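# fold the following and give me the result.
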Amino acid sequence: MLQLHDLRISGDTQLILNAGACIGVMAVVVWAYLRKSGSRLPLPPSPPTWRLWGHLPTPSNSASLTIAQWIDKYGPLVTIRSGTQTIVIIGRYKAAVDIMEKQGRMLADRPRLVAGEILARGLTIGSSP
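Got it, this is the predicted structure:
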């Protein structure tokens, strides 16, 4: 049976394996970065950001002040990035109400009950026989 200590790897082979592993990891990071950087929808304006890290976290006691400054500078909708996560901040009450009135159906987070629709033959529960 082959034992782990029986495997002897020369210095050159180990160097090649390490270089291949590094290149592989870098390729995955670049692929993920390029895949995420192409947004499918236009996003609201954003403050300057680091491409890989996004917006560096601010101390929690000044985070609300920083966001308030961004809202004053970039408008009621601001996009921030934290790593690979994109966050859209709605900074004004009127903007939030307008979005909910115009896009409320798309923003609803309740799943459809397909089985209930099939059993009720398209009728709602209140109007089903």
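# so where do the strands sit in the protein?
77-82, 85-90 (DSSP state E).
# deepest of these, which one?
Mean neighbour counts were compared across the strands of the chain using mean count of other Cβ atoms under 10 Å; the top stretch is strand 77-82, at a mean of 18. For every residue, glycine as well, the C-beta is placed using N, CA and C.
# what is it packed up against?
helix 60-74, strand 85-90 (3 or more Cβ pairs under 8 Å, 6 or more residues apart in numbering; DSSP states H and E).
# bridging residues for residue 88?
Per DSSP bridges, the residues bridged to residue 88 are residue 79.
# residues contacting it?
43-44, 77-79 (Cβ atoms under 8 Å, 6 or more residues apart in numbering).
# which two from those residues end up farthest apart in space?
43 and 78 (9.6 Å; Cβ to Cβ).
# low-confidence regions, the chain specifically.
Low-confidence segments of the chain, defined by pLDDT under 70: 1-8, 33-40, 50-53, 56-61, 109-118, 121-129.
# ok, residue 70 - contacts?
For residue 70, the contacting residues are 47, 78, 80, 89, 91, by Cβ under 8 Å, 6+ apart.
# residues in contact with the closest residue to residue 87 other than its chain neighbours?
Closest residue to residue 87 apart from its sequence neighbours, by Cβ to Cβ, 6 or more residues apart in numbering: residue 80 at 5.1 Å. Residues near residue 80 by Cβ under 8 Å, 6+ apart: 46-47, 49, 54-55, 70, 86-87, 89.
# ok, so of these, who is nearest residue 14?
So of the contacts of residue 80, ranked by how close each gets to residue 14 (Cβ to Cβ), first place is residue 54, at 35.8 Å.
# list the contacts for the closest residue to the closest one other than its chain neighbours?
Residue nearest to residue 54 in three dimensions, not counting chain neighbours: residue 81, with 3.3 Å by Cβ to Cβ, 6+ apart. For residue 81, the contact set (Cβ under 8 Å, 6+ apart) comprises 46, 49, 54-55, 87.
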